[in-house]
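Novice: Could you look at this predicted model? Sequence included:
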Amino acid sequence: MPICHRLIETLTWPGVVLLYGIAGAGKTTLSLEFVRDYCRTKCLFVTTEGLEFIRRVEQMGIDTARMIVYEALWYTDLLDLLTRKDMPLYDIMVIDSINSFIRIDTENSYRIVLLLAASLYKVSEDYGVPIIETAQVHSNGEQQYEPVAGRRLSLWTHNVIRLDYVSPGHRRLLVEKPSDTRLELELRISDGGIEW
């Protein structure tokens, strides 16, 4: 059974999924697994991390003809998403990563990111479009990490998933929200994607 099908048994689906973890934990790869499983006609992939993920898309054998890639170079580019009238038409949308600009320009980008998160939540609620938002993390001072602006972002999500780096190629996935469903999985990342 594909990883995403196993996950949606415990998630509110379709809905907004906030996926967080340290750099290299596999957030983009898991997002692409969702694209591979749920993009039937067309999907939107918004990247704030550059276009390096395209190599991963090709490794995983994802049909790029169905992917519309939008590169946001600054947080104001995210405002363009709010004016798109075609958002309800996508099979799935990915924002990788929704909070990356907050680290650069905290005050201004914070408001834009929360406005975008609220708008995406409404699109998901009104039209049933699944939305995956990856999030960068910061230390919370207790040798733990949490998503940057995570408390506010989680208000506009149905689901929160944490990815932990265990060892090279091995990861742990923990579903934190919905809180009544605790799912923990050990995963392996390979060139072809995620295996469990």
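Specialist: Cool, got the structure. Residues are numbered from 1 along each chain as shown.

Novice: can you give me the strands for this protein?
Specialist: In the chain, the segments counted as strands under DSSP state E are 16-21, 43-47, 67-71, 93-96, 131-135, 137-139, 145-147, 159-167, 170-177, 183-190, 193-195.

Novice: Which of those sits closest to V57?
Specialist: strand 67-71 (7.2 Å; C-beta to C-beta). C-beta: built from backbone N, CA, C; applies to glycine.

Novice: List the neighbouring strands of that closest one plus their orientation.
Specialist: Partner strands for strand 67-71, per DSSP bridges, with pairing direction: strand 43-47 (parallel).

Novice: In CSV, could you pull the C-alpha coordinates for the partner strand?
Specialist: This file holds the C-alpha atoms of strand 43-47, laid out as CSV (Å, rounded to 0.1, in the frame of the first residue of the first chain):
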residue,chain,number,x,y,z
CYS,A,43,-1.4,19.8,-9.6
LEU,A,44,0.3,22.9,-8.4
PHE,A,45,3.7,22.8,-6.7
VAL,A,46,4.9,26.1,-5.2
THR,A,47,8.5,26.1,-4.2
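
Novice: give the contact list for W156.
Specialist: Each residue near W156 by C-beta atoms under 8 Å, 6 or more residues apart in numbering is listed here: V16, L114, A117, A118, L120, Y121.

Novice: Revised request: answer the last question for Q136.
Specialist: Y20, A23, S97, N99, S100, R103, P147, V148.

Novice: and it, what pLDDT?
Specialist: Model confidence at Q136, given as pLDDT, is 92.

Novice: Repeat that for I3.
Specialist: Here the pLDDT value assigned to I3 is 68.

Novice: what stretches of this protein score poorly on pLDDT?
Specialist: Under the criterion pLDDT under 70, the flagged ranges of the chain are 1-3, 141-143.

Novice: Kindly list the longest helix within it.
Specialist: The helix of greatest length in the chain, counted in residues with DSSP state H as the criterion, is given as helix 106-127.

Novice: That one: how far from the chain's middle?
Specialist: Computed by C-alpha atoms, centre = their mean, to the nearest Å, the separation of helix 106-127 from the middle of its chain amounts to 14 Å.

Novice: Show me what counts as buried in that helix.
Specialist: Buried positions in helix 106-127, judged by neighbour count with 16 or more other C-beta atoms under 10 Å: S109, Y110, I112, V113, L114, L116, A117, S119, L120, Y121, V123, S124.

Novice: on that earlier part again, between all of the contacts of W156, which two are separated the most?
Specialist: Going by C-beta to C-beta, the pair spanning the contacts of W156 furthest: V16 and L114, at 13.0 Å.

Novice: So what's the residue count around the closest residue to G128 other than its chain neighbours?
Specialist: Beyond its immediate neighbours in the sequence, the residue positioned closest to G128 (C-beta to C-beta, 6 or more residues apart in numbering) is P14, lying 4.9 Å away. Taking other C-beta atoms under 10 Å as the neighbour definition, P14 ends up with a count of 18.
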